[in-house]
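J.: sequence and predicted structure, then a few things I'm wondering about:
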Amino acid sequence: MNHDNSRSLYDRALSVSPGGVNSSVRAIRPFPFFIERGDGGSIIDADGNRYLDFVMGYGPLLLGHDMPESVRAAVQTRASDGPMYGAPTEVGVELAEFITRHVSGVEMLRFVNSGTEATVSAVRLARGHTGRDKIVVMQGGYHGAQESTLVEGSGSDTRPSSPGIPENFAEHTIAVPFNDEQALRQVFEAQGEEIAAVMTEPLLANYGIVLPEDGYLETIREITDAYGSLLIFDEVITGFRVGGLQCAQGKFGVTPDITTFAKVIGGGFPVGAIGGRAEIIENFTPAGEVFQSGTFSGHPVTMAAGLETLRYAAENDVYDHVNALGDQLRSGLTDIVADHAPQYTVVGTDSIFKILFTRTGPDGGDSQCKAGCRQNPDCSRYDHCPKDGADIAQAETERWERLFWPAMKDQGVFLTPNQFESQFISNAHTEEDIEQLLEAYKQALS
Ligand SMILES: *Cc1c(COP(=O)(O)O)cnc(C)c1O
C-alpha cells in the first residue's frame, strides 16, 4: 500500500496542529492515513487505498457513508436555506418529538453540539437539581473531555487524569469498578446523602466492551433511588445503536433519570443532547435556574440529518440488518478465536464488536458465549471475562496496536486503532463484507 500523500499531509498537519490531529485517538502510528471520501461501508484514503470501514466515525454513522436520498435532500435543503439562525426551527422540535416518543427515560430534551457538552450539562443539571456536589463514575468509563470525569484512582481517592484540571475538581468525583455492587453500596453508605448522581454507560461501550452482569443496572437504580440521587445513563454510543429505537435503557429495562445522547442522533453531524424526566430537564434555563446555552445548539442541518436518519432507521429495518450482521460476525470471531487464540474474548452486542486480547482463558473445554461475552455465570470462561475497566486495562494493548491493527490495515480493513474503543457495523455493510472481515481476522490472528 502506498501512503505518500497521507505522509506529506501529516507532515503539513504536524506544523499547524498538535500531534497533527484534531482528536487524540486519530494519531495512529507512525502516521494516520488521510481520508478522501466514504463509499457505503468503505473509505478511500488520499492515496486511493480502499478500506472496509468499521470505525464509522467512532459510532455516528449508523447508515454508513452514503446518505439515503431522504437524508441527503433534507441536509442540502437546510444548508441552502441558510445554515443557522439563532432562533428555533420546526425540525428541532420534530427530532425532540421523535426521541421522546421512543426512549422511556426521556420526556424532554435539550440539544447541544457534542457528547462532551451533553455530559458536562448533565452533571451540572444533576448537581443543580439535587443541591449536591458529588458524582459517581465507573473506573475506565469515558464521558468526553470534561473536567469532572477525567479522573483516575478509586473510591474517593481520585485525582485528575490530565494536567490543567485543578486537584480539587476530583474531590467531587468518586470512581467505582463497573459491575461491582458491593463497591457502589459502600460508597453510598459512606456519603450517599452528598451524591448528586451516578453517571455510567449502561454497558461500557467506550471501554471494552463490557456488558452489565444480570441485575447490576437494577441495583444502581435501587441504590440511587434510595438515597435521592439521580441515575444518568451516558448513551452517547449506545443511543439508537444498542436496543434499536428504544436505546440501551429499553433493552435492559432500566429507566434512568437523565440520558445523554450524541453520535447517532446527529446523522453524522456534530450533536449532543441531554434528556430526562420533565421535572428534571426543566431546571435548565430559561425554564429553570441551571445555566445552559449554545450558539450552535439545535443546528438545523444537524437536526434534519438526525431526524431523517432515525426515520430511515425506523422505516427500513436497519436495526434488524446491522444486528444480524453483528451476530454473524461475533459468532465467526468466536470460532476463529477458539482455533487461533483461545485466551482472547469476543465482546459486543447489537452492531458493536471487538476482540479483547485477554491473557487467560479456561483450559480447553467449553467455548465462549456464541455471539460475544454475555457475562453468563454458567460459562466456563466466566472467571476470565472482563467485568470492569481494570480487567480491560490488563489486556494485551501493545500486541493489539503494533501487530494486530497494522495487519488488519494491510488487508484493507479499518478498525479503531486501539484496544479499548468499540467497532461499528453500519447499514451499508453486507454479509459479504462480514465474510471478508472474518477472513482478515483469521489471517491476522493465525
Ligand atoms: C464519544 C463519547 C463521549 C464524548 O462525545 P464527543 O462528541 O466526542 O464529545 C461521551 N461519552 C461516551 C460514552 C462516548 O462514547
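T.: Right, received. Where do you want to start? Residues are numbered from 1 along each chain as shown.
J.: all contacts plus neighbour counts: C-alpha atoms, from now on.
T.: OK.
J.: contacts only, for residue 433.
T.: residue 52 (CA atoms under 8 Å, 6 or more residues apart in numbering).
J.: and it, how far is that from the ligand?
T.: Here the criterion is CA to the nearest ligand atom, to the nearest Å. By it, residue 433 lies 25 Å from the ligand.
J.: buried sites along the strand or helix carrying that residue?
T.: Assessed by DSSP states H and E, residue 433 sits inside helix 431-445. Neighbour-count burial for helix 431-445 flags 433-434, 436-442, 444-445 (criterion: 16 or more other CA atoms under 10 Å).
J.: can I get the residues you listed in a markdown table including pLDDT and distance to residue 85?
T.: Shown next, in a markdown table, are the buried residues of helix 431-445 (pLDDT from 0 to 100; distance: CA to CA, whole Å):
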| residue | pLDDT | distance to residue 85 |
| --- | --- | --- |
| 433 | 98 | 42 |
| 434 | 98 | 43 |
| 436 | 98 | 46 |
| 437 | 98 | 44 |
| 438 | 98 | 47 |
| 439 | 98 | 50 |
| 440 | 98 | 48 |
| 441 | 98 | 48 |
| 442 | 98 | 52 |
| 444 | 98 | 50 |
| 445 | 96 | 52 |
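J.: quick one: name the residues of the protein near the ligand.
T.: Residues of the chain lying near the ligand by CA under 6 Å from any ligand atom: 114-116, 142-144, 206, 234, 236-237, 262.
J.: switch to 5 Å and redo it
T.: 114-116, 143-144, 206, 236-237 (CA under 5 Å from any ligand atom).
J.: residues contacting the helix or strand containing residue 225, please?
T.: Taking DSSP H and E as the definition, one finds residue 225 inside helix 216-226. Contact partners of helix 216-226, identified using CA under 8 Å, 6+ apart, comprise 179-181, 184-185, 188, 197-198, 202, 230-231, 252, 254-256.
J.: give the buried subset of those as a PyMOL selection command.
T.: To isolate the buried members of the contacts of helix 216-226 in PyMOL, using 16+ other CA under 10 Å:
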select buried, resi 179+180+181+184+188+197+198+202+230+231+252+254+255+256
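J.: burial measure for residue 287, as a count.
T.: 10 (other CA atoms under 10 Å).
J.: before we move on, what about residue 19?
T.: So residue 19, with other CA under 10 Å, has 15 neighbours.
J.: just checking, it touches residue 26?
T.: No. The criterion here is CA atoms under 8 Å, and residue 19 misses it with residue 26 at 9.3 Å.
J.: so how many other residues sit close to the one residue in the stretch 1-150 of the chain that gets nearest to the ligand?
T.: Of the residues in the stretch 1-150 of the chain, the one nearest the ligand is residue 115, at a distance of 3.2 Å by CA to the nearest ligand atom. Using other CA under 10 Å, residue 115 has 26 neighbouring residues.
J.: residues contacting it?
T.: Counted by CA under 8 Å, 6+ apart, residue 115 has contacts 143-144, 236, 260-263, 271-273.
J.: and those residues as a markdown table, adding secondary structure, distance to residue 349 and neighbour count?
T.: Shown next, in a markdown table, are these (DSSP: H, G, I helix; E, B strand; the rest coil; distance: CA to CA, whole Å; neighbours: other CA atoms under 10 Å):
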| residue | secondary structure | distance to residue 349 | neighbour count |
| --- | --- | --- | --- |
| 143 | coil | 20 | 25 |
| 144 | coil | 22 | 16 |
| 236 | coil | 16 | 31 |
| 260 | strand | 20 | 32 |
| 261 | strand | 18 | 28 |
| 262 | coil | 19 | 32 |
| 263 | helix | 17 | 28 |
| 271 | coil | 24 | 29 |
| 272 | strand | 23 | 25 |
| 273 | strand | 23 | 29 |
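J.: check the residues you listed and tell me the two furthest apart.
T.: 143 and 271 (14.5 Å; CA to CA).
J.: what are the bridge partners for the nearest residue to residue 166 once chain neighbours are set aside, then?
T.: Closest residue to residue 166 apart from its sequence neighbours, by CA to CA, 6 or more residues apart in numbering: residue 160 at 7.4 Å. Beta-bridge partners recorded for residue 160 (DSSP bridges): residue 151.
J.: dump the residue contacts of residue 160.
T.: 147, 150-152, 166-167, 169-170.
J.: and which of those residues is nearest residue 46?
T.: residue 150 (34.3 Å).
J.: isn't residue 397 right up against residue 359?
T.: No. Counting by CA under 8 Å, residue 397 stays clear of residue 359, with 10.6 Å between them.
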